[in-house]
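Asker: Sequence and predicted structure are below.
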Amino acid sequence: MSNVHIIGGGLAGLSAGVALAQAGRRVRVYEAGPTAGGRCRSYFDRELDCRIDNGNHLILSGNSATMAYLSAIGARSTMRDPGSAKFPFIDLTTGARWTIAPGAGRIPWWVMRPSRRVPETKITDYLQILALRKAGQDATVADLLDRPGALYAKLLEPFAVAALNTPPSEALARLLGAVVDETLLAGGTACVPLFPRTDLSASLIDPAVAFLQAHGGEVQTGCLVAAINSEAGRVTSLATTTGAIDLAPDDAVVLAAPPWIVAGLLPGLATPDAFQAILNVHFRLQIDPGPVGFIGVIGGMAEWVFIKRDVVSITISAANRYVDLPASEIAARVWPDVQKVLDLDQPMPPVRVVKERRATFAATAAQEARRPGPRSAFANLVLAGDWTATGLPATIEGAIRSGQTAAKLVLA
Ligand SMILES: Cc1cc2nc3c(=O)[nH]c(=O)nc-3n(C[C@H](O)[C@H](O)[C@H](O)COP(=O)(O)OP(=O)(O)OC[C@H]3O[C@@H](n4cnc5c(N)ncnc54)[C@H](O)[C@@H]3O)c2cc1C
């Protein structure tokens with residue numbers, strides 16, 4: 001039987017592998033790191049003496065490829081699910097708290113009720129969201145949505161920064177439009193926020209590795225692919241840190257490494273080359289998470305506070321502006337926000353600051369133009385990754401979809 005060789009054991013590579021294994025193909029995943037997962041992984045942190053995620057990851061129930069992937073690997077029930085769309089917020093400048101709770105259906109009846117809207121907003125404010133559907137090629141989020149009033153500052157801006165990880169004055173509106181179409185504009189049933197009950201790897205990574213192994217596949221960690229060799233337009237072998245891998249004539253390759261690695265492996269291919277950081281500040285605290293488990297923060301350095309099993313964990317996106325600050329300073333600046341959000345009066349507990357410098361490509365017009373489609377110059381190599389031209393920003397959904405697309409091309 002022929003093999004499909006997958007370079008990169010992040011979500012794109014794993015989802016390609018799962019789709020190929022489901023179709024009866026034998027899959028070999030080569031992952032450079034000590035574990036699979038890439039930018040979506042968990043590990044034991046000695047300082048905090050517990051497992052943490054590299055960063056908080058939220059998905060919405062409208063992320064259809066992700067939901068299908070979770071079902072395929074038998075991990076749907078590992079996600080924390082509040083049962084309906086609920087987004088609690090606090091404004092640190094006023095102390096006001098509110099919860100956005102879109103109703104289940106497509107018609108947004110909830111915006112008719114002042115108690116369910118963002119404070120100080122009118123029904124008509126919400127119409128501006130529709131402008132995303134007609135976003136011009138290069139229009140930014142701020143061009144279309146930054147209007148005076150509370151809706152932008154208290155909902156649209158935080159949502160855009162979380163989804164695109166790019167300052168709204170630079171972020172492409174049409175990428176946000178694609179997310180909003182499949183979530184906010186699809187009704188509350190598509191907006192239920194989900195995150196792993198235990199940790200990222202337990203939900204999204206380990207069950208996929210187990211699925212591949214159960215289907216005759218292999219996931220080789222600590223195996224870095226250093227070169228791709230070809231002849232007459234086909235990949236013939238891979239040079240790896242654990243030895244050469246020769247391809248049989250009907251073998252295929254899915255290249256699912258990050259863009260800066262792919263640029264080195266396939267010289268001449270344009271890939272995104274500007275990135276935005278995400279900071280996660282994990283405080284060792286055990287607190288009752290309540291029904292939702294996270295809260296959006298307006299007016300602080302912290303943007304989202306997640307209450308997890310062993311830590312309270314803060315996300316700051318589009319964080320190139322902060323990433324070079326010392327970790328101790330970041331933690332000291334964020335802790336007062338956490339105290340206010342959770343109403344705590346205690347000294348700062350042990351903390352770990354995780355800086356993901358290249359968390360995602362910058363979702364700008366210039367970077368969007370550098371996203372290649374899944375086909376490559378080689379007949380038996382396809383590309384996958386959140387940075388390929390998925391029509392979505394760099395997200396779990398984009399990564400998983402890209403893997404599924406790559407698998408379809410291999411099977412075709
Ligand atoms: C802190 C943080 C928070 C995030 N939050 C969210 C969120 O809330 N919601 C959301 O939807 N998305 C979020 N994302 C984005 C999401 O994590 C990514 O879009 C997704 O994980 C990308 O998967 P990927 O497979 O495309 O790439 P990667 O995860 O980068 O996978 C590529 C893999 O290739 C491996 N590799 C590299 N070079 C080689 C080589 N030469 N040989 C073999 N293997 C190689 C890498 O080690 C890696 O495992 C977040 C990302 C970060 C960093």
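Answerer: Looks like it arrived, so ask away.

Asker: Just give the number of residues close to the residue nearest to L132 when sequence neighbours are not counted.
Answerer: Closest residue to L132 apart from its sequence neighbours, by CB to CB, 6 or more residues apart in numbering: G177 at 3.7 Å. Placement of C-beta: from N, CA and C, glycine included. Look at G177: counted by other CB atoms under 10 Å, it has 22 neighbours.

Asker: how near is G177 to V141?
Answerer: Note on G177: its distance to V141, by CB to CB, to the nearest Å, is 9 Å.

Asker: Please list all residues in contact with the closest residue to V351 other than its chain neighbours.
Answerer: Sequence neighbours aside, A331 is the residue nearest to V351 in space, at 4.5 Å (criterion: CB to CB, 6+ apart). Taking CB atoms under 8 Å, 6 or more residues apart in numbering as the criterion, A331 is in contact with V281, F283, M348, V351, V353.

Asker: Could you dump the residues you listed into JSON lines with secondary structure, pLDDT and neighbour count added?
Answerer: Output for those, formatted as JSON lines (DSSP: H, G, I helix; E, B strand; the rest coil; pLDDT from 0 to 100; neighbours: other CB atoms under 10 Å):
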{"residue": "V281", "secondary structure": "strand", "pLDDT": "98", "neighbour count": "26"}
{"residue": "F283", "secondary structure": "strand", "pLDDT": "98", "neighbour count": "22"}
{"residue": "M348", "secondary structure": "coil", "pLDDT": "97", "neighbour count": "16"}
{"residue": "V351", "secondary structure": "strand", "pLDDT": "98", "neighbour count": "23"}
{"residue": "V353", "secondary structure": "strand", "pLDDT": "98", "neighbour count": "18"}
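
Asker: I figured F294 hits K308, correct?
Answerer: No - F294 is beyond contact range of K308, at 9.1 Å (criterion: CB atoms under 8 Å).

Asker: and the stretch 201-350 of the chain, which of its residues are near the ligand?
Answerer: For the stretch 201-350 of the chain, the residues in contact with the ligand (CB under 6 Å from any ligand atom) are L224, V225, A256, A257, P258, I261, I278, N280.

Asker: OK, contacts around the nearest residue to the first one once chain neighbours are set aside?
Answerer: Closest residue to L224 in three dimensions, ignoring its sequence neighbours and counting by CB to CB, 6+ apart: A32, at 3.9 Å. Taking CB under 8 Å, 6+ apart as the criterion, A32 is in contact with G8, G222, C223, L224, V225, T241, A257.

Asker: what number of residues lie near L383?
Answerer: Neighbour count of L383, defined by other CB under 10 Å: 29.

Asker: what's across from it in the sheet?
Answerer: Note on L383: beta-bridge partners L255, judged by DSSP bridges.

Asker: Local confidence estimate at it?
Answerer: L383 carries a pLDDT value of 98.

Asker: Quickly note the distance from it to L130.
Answerer: Between L383 and L130 the computed distance is 33 Å (CB to CB).

Asker: Would you confirm that the residue nearest to L132 contacts Q137?
Answerer: No - with contact defined as CB under 8 Å, G177 does not count as touching Q137 (11.8 Å).

Asker: what's the closest residue to I287 other than its chain neighbours in contact with, if anything?
Answerer: Nearest residue to I287, sequence neighbours excluded (CB to CB, 6+ apart): I307, at 5.3 Å. Residues near I307 by CB under 8 Å, 6+ apart: I287, D288, P289, G290, G293, F294, L342.

Asker: Then G149?
Answerer: Contact analysis of G149 by CB under 8 Å, 6+ apart lists E120, T121, D125.

Asker: switch the cut-off to 7 Å
Answerer: Applying CB atoms under 7 Å, 6 or more residues apart in numbering to G149 gives the contacts T121, D125.

Asker: how far away is it from E157?
Answerer: As judged by CB to CB, G149 and E157 stand 12 Å apart.

Asker: Low-confidence ranges, the stretch 51-200 of the chain, go.
Answerer: Along the stretch 51-200 of the chain, segments meeting pLDDT under 70 are nowhere present.

Asker: Close to the ligand: what parts of it are there?
Answerer: For the stretch 51-200 of the chain, the contact set with the ligand under CB under 6 Å from any ligand atom comprises N54, G55, H57, L58, I59.

Asker: count of neighbours near T241?
Answerer: Using other CB under 10 Å, the number of residues around T241 comes to 11.

Asker: What of A232?
Answerer: Counted with other CB under 10 Å, residues neighbouring A232 total 7.

Asker: likewise A162?
Answerer: Counted with other CB under 10 Å, A162 comes out at 19.

Asker: Just give the nearest non-adjacent residue to it, would you?
Answerer: S317 (5.8 Å).

Asker: Just read off the phi/psi values of the one you found.
Answerer: When read as degrees, to the nearest 10, the backbone of S317 gives phi -100, psi 180.

Asker: Show the contacting residues for it.
Answerer: Contacts of S317 (CB under 7 Å, 6+ apart): V161, A162, N165, I278, E303.

Asker: and the helix or strand that contains V305, which strands flank it?
Answerer: For V305, the enclosing helix or strand under DSSP states H and E is strand 304-307. Note on strand 304-307: by DSSP bridges, its sheet partners are strand 294-298 (antiparallel), strand 311-316 (antiparallel).

Asker: ok so, going back, how near is the residue nearest to I287 to the ligand?
Answerer: I307 is 15 Å from the ligand, where distance means CB to the nearest ligand atom, to the nearest Å.
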